[in-house]
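Asker: Quick one, fold the following:
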Amino acid sequence: MMDLELISNMDPVNIGLGCSEKTIPVTSSSIKPRKKTMTSVYLKFFETATDGKTRRCKFCGQTYSIATATGNLGRHLANRHPGYDKTGEAVSNSVTRSNTVVIKKSQAQGKSNQVDYDHLNWLLVRWLVLASLPSSTLEEKWLVNSFKFLNPSVQIWPSDKYKTVLDEVFGSMREDVRTLLEQVAFKFSITLDFWTSFEQNFYMSVTCQWIDENWCFQKLLLDICRVPYPCGGAEIYRCLIKVLKFYNIESRILSCTHDNSSSAIHACHTLKEDFDGQKIGPFCYIPCAAQTLNLIIDDGLRSGKQVISKIREFVMELNASLAGKSVDAIIRKYEETLGSRILLSPSDKSVVNIMHQYLEPFYKTTNDICTSKVPTIGLVLFFMDHISETIATCKESRPSPEWLKSAAEEMAKKARNYTNQVCNIFTYMTAILDPRIKGELIPDSLNSQSYLDEARAYFIRNYSINHFNSMSSGYNAQEIEDGGNVSFAEEIARKKRRTNMSSATDELTQYLSEAPAPIATDVLEWWKVNSTRYPRLSVMARDFLAVQATSVVPEELFCGKGDEIDKQRFCMQNDSTQAVLCIKSWIQVGIKFKYKSTEIDYERLMELAAASATHNNIPSSSEKKQK
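Answerer: I've put the predicted structure just below:
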């Protein structure tokens, strides 16, 4: 069971890692007279408690009875802090300044030996979380023996105690996450991701996104849920609704982006029916564009799989060969050995050239999506529309070989399926609110007069209330960047522009009548600057631009980082997956590490550990000779 006095008894002083020294009992006969000057030297490194009953070492916090002989104090300094007499007041002062509370809470005095071990164990907790390791890691004999080698008195918590601590930390931090979400005044978008562990447990991560008042994109993991057998749509729905109800955000969810699986689609459809029945605002669900693109590319590569395998094997042979030689020289040298097994024939080279030309747009699209700061629905639909056109051109082109046309047909099916799922009034509104897309670059399958009329009605119906500050005396972000150096004539001109804007038919009409912004434009920065011109429309844009085009970060799907994440999640044990992954994610976004509502100050712990290591260093032989 978890020691409930772990925190309350922790000593709020500078105590390093290692074994704490016990008070040595002293009798009157063993006390030897010392000179007063020596006594004053020793006492300079100790401070007397307010009750006048104990003295505390300024280096490590070890306490002694006020009656303890100064000789014992001297031996403590010599054994625990060699070189103390050389450091002088500088060390003493620096240590005194560092006597702060490690855990930010008023705490009672506790046994110093337990404090040292607790400091070490809290550092181990942090390591387990950031490395995404299960608590059973601490049962590894090599780890325990390593600590015992450094200090035989070190006491590492057993794994069940770590598990209890992690559960407590998870509960405390989750309450902070709920409090944080309660303070958000805008709509949320959620994304779902799924994976199966080596224990064959099916997990779902639920992440929410929103755009804050400063037009900064925010992303926060809500929970890691184990989906019970048979892991279908009904089970996913129950897990998802439980998470939304815990955080009390089900009435503020605008959209859900899923991984395209049939179970996820069924769960989202049930969630939409639930929301519609309760009349909880509008809600839509869309497939992940990155997952779809990945499946499309796999279909395109399947036709040339044998040739690709040849190329891969040939490259491996080249890498194993001596450096500095040309490809032709290596081919001539190993032609008899390699033969047709690896070397490309003329027909193979033709296949490679055709596939390279055909798949190049897919590579560029993937690269652009991965490197986009905010891959909005509008931008992703713009790219996916180009992919569909590329596939259609290949199918209709006479020079294209039959094997490529066959691959293109399979790719076209997945593209059409994605288009059918993603085309709705919500994605239309999200697309046109991207100032780079608007109506000009929106795909034809999504661009219709009925959608525009419905979007205008939705805007007037839901965003006609003044959700914005008065514009009578305010300047936009660009004016602020000018440093307030606005001429009198320019001030009059800008006021007239704002007056003309307010007299327009509505903000949406005025916004759509202007030319789109360049593709390289930072969308959120554009709205931050222009929110004064479009005060009501900017509120709508803040809600809808948070809708996610992908359920996972694109670069995690198309590069090695995703492989590392998958391996890490696959190896996690069931008893620690939720706590470890959630705590790690929350720490990374700045939520404080807490145990039973008490913050653990890890920066301070690390400082104390470093200070302890410095003070406990044994002088080297060269240093001893110098002395």
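
Asker: can you give me how far stretch 587-604 is from the chain middle?
Answerer: 16 Å (Cα atoms, centre = their mean, to the nearest Å).

Asker: Next, the buried residues of that stretch.
Answerer: 587, 591, 593-595, 598, 600-602, 604 (16 or more other Cβ atoms under 10 Å). Where you see a C-beta, it was placed from the backbone N, CA and C, and this is true even at glycine.

Asker: from those, which has minimum pLDDT?
Answerer: Across the buried residues of stretch 587-604, the bottom pLDDT score, 79, is held by Arg604.

Asker: Could you tell me how far Thr521 is located from Asp434?
Answerer: 9 Å (Cβ to Cβ, to the nearest Å).

Asker: before we move on, back to that, looking at the buried residues of stretch 587-604, which two lie furthest apart in space?
Answerer: Greatest spacing in these, by Cβ to Cβ: Ile591 and Arg604 (17.6 Å).

Asker: Which helix or strand lies directly C-terminal to the longest helix anywhere in the chain?
Answerer: In the chain, taking DSSP state H as the definition, the longest helix is helix 346-371. Going down the chain from helix 346-371, the next helix or strand is helix 377-396, by DSSP states H and E.

Asker: Mind putting the buried residues of stretch 587-604 into a markdown table with secondary structure and distance to Gln421?
Answerer: Listed next are those as a markdown table, based on DSSP: H, G, I helix; E, B strand; the rest coil; distance: Cβ to Cβ, whole Å:
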| residue | secondary structure | distance to Gln421 |
| --- | --- | --- |
| Ile587 | helix | 35 |
| Ile591 | coil | 34 |
| Phe593 | coil | 40 |
| Lys594 | strand | 41 |
| Tyr595 | strand | 44 |
| Thr598 | strand | 47 |
| Ile600 | strand | 45 |
| Asp601 | coil | 48 |
| Tyr602 | helix | 44 |
| Arg604 | helix | 51 |
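
Asker: Between these, which sits nearest Gly61?
Answerer: Arg604 (13.5 Å).

Asker: same for the helix or strand hosting Arg536, what does it pack against?
Answerer: Using DSSP H and E, Arg536 maps to helix 535-544. Applying 3 or more Cβ pairs under 8 Å, 6 or more residues apart in numbering; DSSP states H and E, we find helix 535-544 packed against helix 425-432, helix 449-462, helix 507-513, helix 523-530.

Asker: average pLDDT for the first one?
Answerer: In this case it means helix 425-432. Mean predicted confidence for helix 425-432 is 93.

Asker: Now find how far off-centre that helix is within its chain.
Answerer: 27 Å.

Asker: And the third one, by the same measure?
Answerer: Using Cα atoms, centre = their mean, we find the averaged C-alpha position of helix 507-513 to lie 36 Å away from the chain's own average C-alpha position.

Asker: buried ones in stretch 443-453?
Answerer: 443, 446-447, 451-452.

Asker: how far does that stretch stretch from start to finish?
Answerer: 17 Å (Cα to Cα, to the nearest Å).

Asker: circling back to that earlier point, buried stuff in the longest helix of the chain?
Answerer: 348, 351-352, 354-355, 358, 361-362, 365-366, 368-370.

Asker: burial of Glu140, as a residue count?
Answerer: 10 (other Cβ atoms under 10 Å).

Asker: Next one: it, what pLDDT does it get?
Answerer: So Glu140 comes in at 83 (pLDDT).

Asker: quick one: it from Leu128, how far?
Answerer: 12 Å.

Asker: And the buried residues of stretch 443-453, which is closest to Val165?
Answerer: The closest of those, once distances to Val165 are taken by Cβ to Cβ, is Leu446, at 50.7 Å.
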